[in-house]
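K.L.:
sequence and predicted structure, then a few things I'm wondering about:
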Amino acid sequence: MSVEIPRVVVPGQPIVPEFDTASHSADHTITQARKYLSGPGTTLSKIPTGPNEEVNAIVATLKGKTVISPKSKDKTSSASKDELPVNEFLVSVVNHQTPRVPLPKEGDYVLCRVMKLTSRQAFVEILSVDNQSSILADSGVGSNGSLGMAGGTSLVANVSSGSVAGTSVFSQAVGATNASLGAHPADLGESFRGLIRVQDIRATERDKTQVVESFMPGDIVRAEVINIGDGASYYLSTAKNELGVVLSRSHGGRGDMLYPLDYETMVSVSGHIEKRKVAKPF
Amino acid sequence: MSFSVSEKDYLYQSLSSKTPIRPDGRKSHQLRGIEASINFLPNSNGSSRIRLSDGSEVIISIKSKVVKMSTLADLIELDLTIDNLRDDLTFISDWTNILRNSLLRNFADKFECLKLTTRYYFKLYVDVLFLSSSSNARTTKTDTSFLQNPLSMISFGIYLALKSTRLPLLISNSNDKDIEELPTFNDDWSSTVLLYPQDEDEEIKENNTTSQNSSSPPLLFVLSVVKNNLFIDPSIEEQEISDCGLVIGWCSGKVVSPIESLNLNQSGSSEYIKGMHGQNIIEGIKMIENVAATVSKGLDEIVKDGNNSVFMDSIF
Amino acid sequence: MSDRRRITGPESALPLVFAPTPNNQSTTKSPQEKTNSGIRNFFIKTGIVSNCNGSCFLEVDNTTIIVSVYGAKPIRGSSVTSASFSVMTKVSNNLEELSNFTSSDLSHSKEEKEEQKLAKEDEYVTTNQIGKTQLSLVEQKLSTYIQTAFLPSILLEKYPKSSIEVFINILTNDSHTNSSLLSLITWCANCTSLALVDSGIELKDMVSTGIAKLTDDQTVVIDPSYSNEGRKTVGGQEVRAVASYMSVTDTVVGLMIESEEGVNGEMIEKVIDGCNTMAREIRSNMNGFLVSTM
Amino acid sequence: MEIITISKFNNNKGLNDEDEEMEDVSNNDQIVTPGELITEDTVWMRGHGTFALGNKTYSSVAGTILKVNKLLSVKPLKGRYTPETGDHIIGRVIEVGNRRWKVDIGARSDAVLLLGSVNLPGGILRRKSDTDELTMRNMLKEGDLLNCEVQSLFQDGSASLHTRSLKYGKLKNGIFLSVPRSLIIRSKNHSFVLQGNVSIILGVNGYIWIYKTPTVDNRLKTDSTASTASKLQSGVMGRQSGYQVGSGSVSLTRLEEESSWEIYSDKNDENISDAIRSNIIRYRNAIQALAHSQIGINESRINMAYEASMAYGSLGSLTEPEVMENISNDVLNGEKMRGS
């Protein structure tokens, strides 16, 4: 018989042993082996089952409901016919009441704000990960999300009017950034730092790329985390079509909103043109 | 700055096996050798100096002052200085607390020996300077990752210093309940009294066994727990990979409080910190019961030697 | 700790001080009934502080504690591979009795005790001045214990470049019953455990903490409350202990034993067993509570 | 029962002076102390460890006089390690920086190890790519110990290291020990295979690594592969540092195999037996004993000290000062008898 899997778990509670045999037929012959993998909200650890006996088990690390999903079967791994077929399952614990603290991982898309430029790289601060909640769900001042509270930034105010003005292209990006801008982490000195090296800005013509022709301070950029980096910052890249500047204003932030013209230029309503590494609008 | 992953792994494997091998080959109940001397500071009532084979050193000075009684807990002040580290670092005040509390709880005769009159007491200032062997391995001034836990060594030092402490002899009336007067003292150094009376010879000791003479300052022992094994007086690398640390006090033949868990890992990584089993604590107490008497006897030898020689110095 | 996450007010700002609430209720409140397991009833509620990642409120007898957890939030520079973890404790102002924790056991006569109390009140004035930055002895001890006990339970390696901060706020403590430091540690630790779960930070296991004492006649009292027994046992052979457990792997992650006299292995074993019993009881309570909130 | 040795303070460490022996006593065995007049002759250029008052040259350190052409310097007996090109040393990574590691080698300033001076995983002849910069921490991270060679010196005397040889690289399966660098006697070779399945690397900077002898039988080949590697490298890097290029020849595929990610693995061998572990500790304590008595350390003395230590059954007793002195005396007597 397969093990009873608890539906609701608390941290530290063992969910299933790592390996399990299941028999569905009446004569209780073992027809398949199951292997459980540790997913989000769980960890694999040794659980004592008796004196000097330990078994590897998937243990919950969060309070929440267990979700078990079969892993896409890898054809090459099924070896000989003698061995039992191993089905792999991913065990995770989810809890929608308390959203997980999103930390940028390698491969994640993040939204960030350009802080400083040098000839070799652009320094940015990471505002939010992908479409998850803001990194700074809170920074201790009660600025939890809402736009008005932190006084907003002038950018935010204009963004709203900008999207009202009718460019549907941006409504999506604006939606994603609103919460983060409200939290306004820069003033509090608390955010994850990132840097985009000049060679990671564009996928093509990497040698000709210049930082100042790609970003300006204040730009909101969608980028991919390529490395967790050293102590100071994450390494980010915009070397993909859908990555790059999503929100920008002309004249170093003083002027009007800029709208994408092509992959390397943006234009304002008044026709002022500036160079950027532009993200391909959806 | 820290140890490499493979170093730590190798060490953990060595220490957690059934027949553990410590990185310096010591037995699990064996402490590191020390060199010690007492009474080397002429301006203190008592002093001691201990050097560990790895080069770390602890210097202790005890000074006394006559105070009007306030609370007994105020009669001992302890100040701990480690290298050139800031003294408001959390772990330094933690260590200060542990040392001070162990002294307060286990002070001889419940402070009777510090009592001068009904109104006046001696107050003791215990100044501890710990010079770690890692001070030159340190990359920055705030890098404490190579600092080993000095509690045990400091408590040995305090033990020696207290046992070498001499207080001036009171010559005024000890009962000033009715008439208030300032205490006066004999200013001859040779007529000072030892805070912890020394057993002049063995026979006297046997005659009044459990009285004053058997009381000693408390000693602290630091134990490191790795799986089912316990190691006394862990070296810096052993501390780094401990599952858990334990400090156990010992005073006058008995295990006393503090008995507390400790975080021995100074470098801030928590990958090896796991906690211990209840059985470890009991074993630790047994180990201290077996070992501590030898340690205090060894320290007493130094005291005997030192106190006698100092006396000679003061005569000639 | 550098305070760069709060917007400090103007220099002349004064902290908000509330008028003291009339003491009509707390003084008359009788010690709560113990359950048959020997543990006092306690009240818990999580998620009551809105601007932190997780929080828990705990009330037992007249002691009330709020623990708030912040994190994982970004820090710069250090701790590349795992999060840093720190604990801060704050004891609110009306707790002069607490400062006696470390020394009260040493006094002999009543006279001295009186004298001591006077001195302590002076000290209280000096140490509790507005705007103090350093932790008091009690706060420090509490913080260190909680930090040591919870380090093994938090999966810090899942949060690189981040910090996790726990703030313990002891709102009221029963100043009329000599609640000890150890008992405060116990409830703070249990409260912290729930606050951490509430914050959604990944944990290897929940930490539950028990307190017990061994009286002169070698009986173990679980969750001793001084209110019903007074202080008559002091000076006798009494061993008090707090121990924190991770129940699944049955490991002790925190331990503090206090005794005026010498102890031996047997006594320790007994008293730790007592702590374990209580910790298990608390753990099953916490489990029940958490499941009920989902 | 060994519990603790408590001895009185003894500031005269080491053995009697007649037994003392310093490594650096070269042809110029005159020892000077700080403030001692070295010469009044003005033809000498004043180097390290000297100062001038008027026309006179004084020593500023305790050490031996070293004269190279017209340069007069005093080599300190004690003090930090001064790197020299070609030194075989052991270092500990303390920082991962921009295309370089900062390495503690016990010198006045930290050494650097450039990304270009290590074997890149997956083939020795591979060009370094952008991703290598990002995965530097996967190769070497803070705390890691490495076995390396001083490639060149910067103007300020700090060293640039390299591990471009298969005999260098990350260290595992053993323990680290540090002794005063002046005790390490320079020799042709600084890594040895000792009896008891234990190998040792005596870094010239006083850092020592004692480890389990690698079981792979290609240990003997290492020398040849190493020299091949260096031959290949000397071409690639365009830096001629006076290598005696060996005549070994090994196929490139083999080199590629050996320089895969495996060389940067943190994982120790499984099942290192207790016997090997205690041998390692015995060697460690034997070396400690030599260092305790300020005796220069080389392969033969380590072996002698190891054998002398066998007289003391328990490893724990080897930490006692008396025992350490006995072992040192045994080593010195042994040398006298052999007439070396």
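P.N.:
That came through fine.
K.L.:
per-residue confidence for residue D:199?
P.N.:
With respect to pLDDT, residue D:199 scores 94.
K.L.:
hang on, I meant residue A:257
P.N.:
Per-residue pLDDT puts residue A:257 at 90.
K.L.:
close to chain C, is the strand or helix carrying residue A:58?
P.N.:
Element membership of residue A:58, judged by DSSP states H and E, is strand A:53-60. Yes. Judged by Cβ under 8 Å from any Cβ of the partner chain, strand A:53-60 comes into contact with chain C at residue A:59. For the C-beta atoms, the positions are set from N, CA and C on the backbone; glycine is no exception.
K.L.:
does the helix or strand just after that strand reach chain C?
P.N.:
Per DSSP H and E, the first helix or strand lying C-terminal to strand A:53-60 is strand A:64-70. Yes. For strand A:64-70, a contact with chain C is found by Cβ under 8 Å from any Cβ, at A:64-65.
K.L.:
show me what from the stretch 151-300 of chain B comes close to chain C.
P.N.:
Close to chain C, as judged by Cβ under 8 Å from any Cβ, the stretch 151-300 of chain B has residues B:244, B:246, B:251-263, B:268-271, B:273-278, B:280-282, B:285-286, B:289.
K.L.:
buried among those residues? Make that a ChimeraX selection.
P.N.:
In ChimeraX syntax, the buried subset of these is picked out as below (16 or more other Cβ atoms under 10 Å in any protein chain shown):
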select /B:244,246,251,252,254,255,256,257,258,259,260,261,262,263,268,269,270,273,274,275,276,277,278,280,281,282,285,289
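K.L.:
strands along chain C, start to end?
P.N.:
C:42-46, C:54-60, C:63-74, C:84-91, C:162-172, C:207-214, C:220-222, C:239-246, C:251-259 (DSSP state E).
K.L.:
please name whichever of these is nearest to chain D.
P.N.:
strand C:84-91 (15.5 Å; Cβ to the nearest Cβ).
K.L.:
tell me what the closest one is packed against?
P.N.:
helix C:137-150, strand C:162-172 (3 or more Cβ pairs under 8 Å, 6 or more residues apart in numbering or on different chains; DSSP states H and E).
K.L.:
let's have those in CSV, adding mean pLDDT and mean neighbour count.
P.N.:
CSV is the format used below for the helices and strands packed on strand C:84-91 (pLDDT from 0 to 100; neighbours: other Cβ atoms under 10 Å in any protein chain shown):
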stretch, mean pLDDT, mean neighbour count
helix C:137-150, 89, 23
strand C:162-172, 89, 21
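K.L.:
give the buried residues for the host helix or strand of residue B:124.
P.N.:
Using DSSP H and E, residue B:124 sits in strand B:120-131. Buried positions in strand B:120-131, judged by neighbour count with 16+ other Cβ under 10 Å: B:120-124, B:126-131.
K.L.:
now that strand: average pLDDT?
P.N.:
Mean predicted confidence for strand B:120-131 is 92.
K.L.:
next SSE downstream of that strand?
P.N.:
Past strand B:120-131, the next helix or strand by DSSP H and E is helix B:151-163.
K.L.:
next one: phi and psi at residue D:331?
P.N.:
Taking degrees, to the nearest 10, you get phi -60, psi -50 for the backbone angles of residue D:331.
K.L.:
and for it, the neighbour number?
P.N.:
26 (other Cβ atoms under 10 Å in any protein chain shown).
K.L.:
with residue A:34 instead?
P.N.:
21.
K.L.:
for whichever strand or helix holds it, packing partners?
P.N.:
Taking DSSP H and E as the criterion, residue A:34 maps to strand A:32-38. Packing partners of strand A:32-38 (3+ Cβ pairs under 8 Å, 6+ apart): strand A:14-17, strand A:19-22, strand A:53-60, strand A:86-94.
K.L.:
buried ones in that strand?
P.N.:
Quick answer for strand A:32-38 (16+ other Cβ under 10 Å): A:34, A:36, A:38.
K.L.:
is it possible to export the helices and strands packed on strand C:84-91 to CSV including distance to residue D:75?
P.N.:
CSV is the format used below for the helices and strands packed on strand C:84-91 (distance: least, Cβ to Cβ, whole Å):
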stretch, distance to residue D:75
helix C:137-150, 49
strand C:162-172, 48
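K.L.:
so for chain B, which of those sits nearest?
P.N.:
Going by Cβ to the nearest Cβ, the one of these nearest chain B is helix C:137-150, 4.6 Å.
K.L.:
who's in contact with the closest residue to chain D within the stretch 101-250 of chain A?
P.N.:
Nearest to chain D in the stretch 101-250 of chain A, going by Cβ to the nearest Cβ, is residue A:227, at a distance of 4.1 Å. Neighbouring residues of residue A:227 by Cβ atoms under 8 Å, 6 or more residues apart in numbering or on different chains: A:106, A:234-235, D:134-135.
K.L.:
which members of the residues you listed occur in helices, if any?
P.N.:
residue D:134 (DSSP state H).
K.L.:
show me just the buried residues among the contacts of residue A:227.
P.N.:
For those, buried by 16+ other Cβ under 10 Å: A:234-235, D:134.
K.L.:
tabulate those residues (a markdown table), appending pLDDT and distance to chain B.
P.N.:
Converted to a markdown table, the buried ones among the contacts of residue A:227 look like this (pLDDT from 0 to 100; distance: Cβ to the nearest Cβ, whole Å):
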| residue | pLDDT | distance to chain B |
| --- | --- | --- |
| A:234 | 87 | 21 |
| A:235 | 89 | 23 |
| D:134 | 80 | 20 |
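K.L.:
would you check how far apart the nearest residue to residue D:291 once chain neighbours are set aside and residue D:286 are?
P.N.:
Closest residue in space to residue D:291, ignoring its immediate chain neighbours: residue D:179 at 4.2 Å, by Cβ to Cβ, 6 or more residues apart in numbering or on different chains. The gap separating residue D:179 from residue D:286 is 12 Å, by Cβ to Cβ, to the nearest Å.
K.L.:
these two: who's more crowded?
P.N.:
Counted by other Cβ under 10 Å, residue D:179 and residue D:286 do not tie: residue D:286 has more neighbours, with 27 against 20.
K.L.:
quick one: low-confidence parts of the stretch 151-282 of chain A?
P.N.:
Within the stretch 151-282 of chain A, the set of residues satisfying pLDDT under 70 comprises A:151-190, A:230-232.
K.L.:
can you show me the helices along it?
P.N.:
A:154-164, A:168-183 (DSSP state H, counting those that start in this stretch).
K.L.:
cool, chain B as well?
P.N.:
Counting by DSSP H, the helices of chain B are B:5-16, B:90-105, B:151-163, B:202-207, B:236-240, B:278-315.
K.L.:
next, the contact list for residue C:214, please.
P.N.:
Taking Cβ under 8 Å, 6+ apart as the test, what residue C:214 contacts is C:220-221, C:238-241, C:267, C:270-271, C:274.
K.L.:
which of the residues you listed has the weakest pLDDT?
P.N.:
Ranking those by pLDDT, residue C:238 lands last with 81.
K.L.:
pretty sure that one contacts residue C:260?
P.N.:
Yes. The criterion here is Cβ atoms under 8 Å, and residue C:238 meets it with residue C:260 at 7.0 Å.
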